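> predicted structure and sequence below. I'll ask about it afterward.
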Amino acid sequence: MADPGLMAEWAAAYRVRLLAAAGALCGDRVEAEDLLQETFSEAMASLARFEGRSAPYTWLYGILRRRFLLHCRRRRRFLRWAAAAGRLPASESIAEPSMAVDAAGEAARDPRLEAVAKALRTLSVKHREILHLRYVEGRKIAEIAALVSASEGTVKSRLHHALRRVKSAIGRDENGSLVAAREKIHEL
């Protein structure tokens, strides 16, 4: 039988990190909280099968990621059905969810953050996930590869392309401050 005390301990220890990861994947705080709740529910149900071959956070992150990917597949199927049934305009996106910045208030106060947030919104979920794991969680390439079930070369490639896309959308002014490359923001 699963130990609810152990799951409560893990929830307290990893909730903030997992919520940040869910936010990076979902792009919406409410969806991220729902995803986190589903993750802990599934983890509690399968805690007896946890063998300790990985760190608790890694195991929980794997559940969170699988739940998110399942949600994306269901959403795409629903949108395809709705479009075929004529209940959704053909112009409606069936792509992956877009990234919403959790720090919207901060971005409103600092145009540099808005420029970064705008650049991040252009990335795919796979690229945002890699950036989050590398630069927010500080994970090494090998750890990221294990978490996302990809080769280290794939992780390096995704990281390179994500950074290149963000850098191309972001420029620097004469003082070295970040500015949106396509907009002339001189007030920074």
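That came through fine.
> tell me which other helices or strands the longest helix along the chain touches.
Determined from DSSP state H, the single longest helix within the chain is helix 56-84. Where contact means 3 or more CB pairs under 8 Å, 6 or more residues apart in numbering; DSSP states H and E, helix 56-84 is packed against helix 4-26, helix 29-46, helix 141-148. The C-beta positions use only the backbone N, C-alpha and C, and glycine is treated the same way.
> with distance to L123 and mean neighbour count added, can I get the ones you listed in JSON lines?
Below are the helices and strands packed on helix 56-84 laid out as JSON lines (distance: least, CB to CB, whole Å; neighbours: other CB atoms under 10 Å):
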{"stretch": "helix 4-26", "distance to L123": "10", "mean neighbour count": "17"}
{"stretch": "helix 29-46", "distance to L123": "17", "mean neighbour count": "17"}
{"stretch": "helix 141-148", "distance to L123": "15", "mean neighbour count": "17"}
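> output the ones you listed as CSV; include the columns mean pLDDT and distance to T58.
What follows is the helices and strands packed on helix 56-84, written out as CSV (pLDDT from 0 to 100; distance: least, CB to CB, whole Å):
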stretch, mean pLDDT, distance to T58
helix 4-26, 88, 10
helix 29-46, 91, 12
helix 141-148, 89, 6
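> quick one: which of these is nearest L69?
helix 4-26 (9.0 Å; CB to CB).
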